[in-house]
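Q: Quick one: sequence plus predicted model below, questions after.
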Amino acid sequence: MTDARATGAPTTPGPEDLKSLVREEIERHSEALLALSRLIHGHPETAFAEHRAAAWCAEALAERGFTVTAPAYGLETAFEATLGRGPLTVAVVCEYDALPDLGHACGHNLIAAAGVGAALGLAPFADELGLRVRVLGTPAEERGAGKALMLESGAFDGVDAAMMVHPCPFEMSDFRSFALGTLSVSYTGRAAHPSLNPHEGRNAADALTVAQVAIGLLRQHLPPQWRVHGVTTEAGSAPNAIPERARAEYELRALAAEDLAELRERVEACFRAGALATGCEVTLERPEPDYLDFRGDPALTALWEANAKALGRPEPVERPPFACTDMGNVSHAVPSIHPVLDISGGACGPHEAAFAEAAAGPAGERALLDGATAMAWTAADLALARRA
């Protein structure tokens, strides 16, 4: 068999030979990929501030022949890197934002490096496969819905399939997520002295209390997997002053985007009730786009699962939705997969300090390379199936 990388010949290896070559290519870059992951892990950056992580990923691709646009799609810490001239476009998604105070306790350093690795594994064979590889650096998954913003700006236009992997405490091929909506609540009342002239006051903190009681009563009438939770961020600063302002931040979760719209309507009615009962004014805002529920493509999922099995990954489990991701928005527009890879054996889960340690440990780095390989194999399988 002739290696097209050496001769430039427009020959396509057979499927199994091709997979061996792709895996060899990723292994050839393995030290650089692990170094990239460690670098991002050691320099955590939160939503929309991932300047170094985005630059490091973009540079790794540019150095290996990808055409890079950065910044991209109206976001300072987004990038696009492309290679190949085929009719089939596959988007490989890199996340790299960290959590405040917890660093990479969701393992996005592994996601970013795995995405770069998948692209590098496909690069020498993209033209022979009729494949155009589009790597998208997507900021602000934890807070801000960067992919939703990029989707609206055209980042996924013309994409035939989109893929990414995510570390987790278990293995799962057919990932499902909640739809998530955010709500910022602000009450404005009237300040007064609680002893001298309380009758002239309008207590903004009381308005929030009324709303929270209403939400507590509402919960018994919500479907089991609908969630409403939040925190009070302001409710007065001294007990001898009737609070003029009160603020809260809430999250709403439902199984599907359609359910989320109904849940938002019912919860917002509770906050309006607080204003009505206390004579305050209320302002309700959406600080970021809704995260839609993830809907994996069955054909792509089957390809992924076969490839993960061939790599010796753990047996996948089935679970109901347990998290939210802005990759859900992408999945509503483009056939997508978002498999999760076990890096902790169930010992700890995302958004825990121990999970940040796991994201820099041996199991995490094995998942990085396996994830890169299985994504590249899945893209190659899709391209070969389209050509058949």
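A: Received it, and whenever you're ready, just let me know what you need. Residues are numbered from 1 along each chain as shown.
Q: any idea of the pLDDT on Arg386?
A: For Arg386, the pLDDT comes out at 87.
Q: Quick check: nearest residue in space to it, chain neighbours excluded?
A: Of all residues not flanking Arg386 in the chain, Leu88 sits nearest, at 5.6 Å (C-beta to C-beta, 6 or more residues apart in numbering). Where C-beta positions appear, they are placed from N, C-alpha and C, glycine not excepted.
Q: Could you check how far that neighbour is from Gly144?
A: 30 Å (C-beta to C-beta, to the nearest Å).
Q: May I have the phi/psi pair for the closest residue to Glu152 other than its chain neighbours?
A: When the adjacent residues along the chain are set aside, Glu152 lies closest to Pro289, with 7.9 Å between them (C-beta to C-beta, 6+ apart). With angles defined as degrees, to the nearest 10, Pro289 sits at phi -60, psi 150.
Q: let's number from 12 now, not from 1
A: Will do, 12 is the new start, and the previous item becomes Pro300.
Q: Can you give me every residue that contacts Pro300?
A: Ala156, Ala159, Leu160, Glu163, Asp337, Asn340 (C-beta atoms under 8 Å, 6 or more residues apart in numbering).
Q: thinking again about what came up before, show me what the residue nearest to Arg397 is bridged to.
A: Assessed by DSSP bridges, Leu99 has beta-bridge partners Leu142.
Q: of all the contacts of Pro300, which comes closest to His119?
A: Asp337 (12.4 Å; C-beta to C-beta).
Q: The closest one: neighbour count?
A: By other C-beta atoms under 10 Å, the residues close to Asp337 number 29.
Q: Hmm, it is touching Ala156, no?
A: Yes: the criterion here is C-beta atoms under 8 Å, and Asp337 meets it with Ala156 at 4.4 Å.
Q: which residues are common contacts for the two?
A: Common neighbours of Asp337 and Ala156 (C-beta under 8 Å, 6+ apart) are Pro300, Tyr302.
Q: which among the contacts of Pro300 end up buried?
A: Neighbour counting over these (16 or more other C-beta atoms under 10 Å) leaves Ala156, Ala159, Leu160, Asp337, Asn340 as the buried ones.
Q: Okay, and which of those residues map to helices?
A: Taking DSSP state H as the definition of helices, the buried ones among the contacts of Pro300 contribute Ala159, Leu160, Asn340.
Q: I'd like these as CSV, with pLDDT and distance to Asp381 appended.
A: Shown next, in CSV, are those (pLDDT from 0 to 100; distance: C-beta to C-beta, whole Å):
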residue, pLDDT, distance to Asp381
Ala159, 98, 28
Leu160, 98, 30
Asn340, 98, 26
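Q: In CSV: these, plus distance to Phe181.
A: Below are those laid out as CSV (distance: C-beta to C-beta, whole Å):
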residue, distance to Phe181
Ala159, 27
Leu160, 30
Asn340, 24
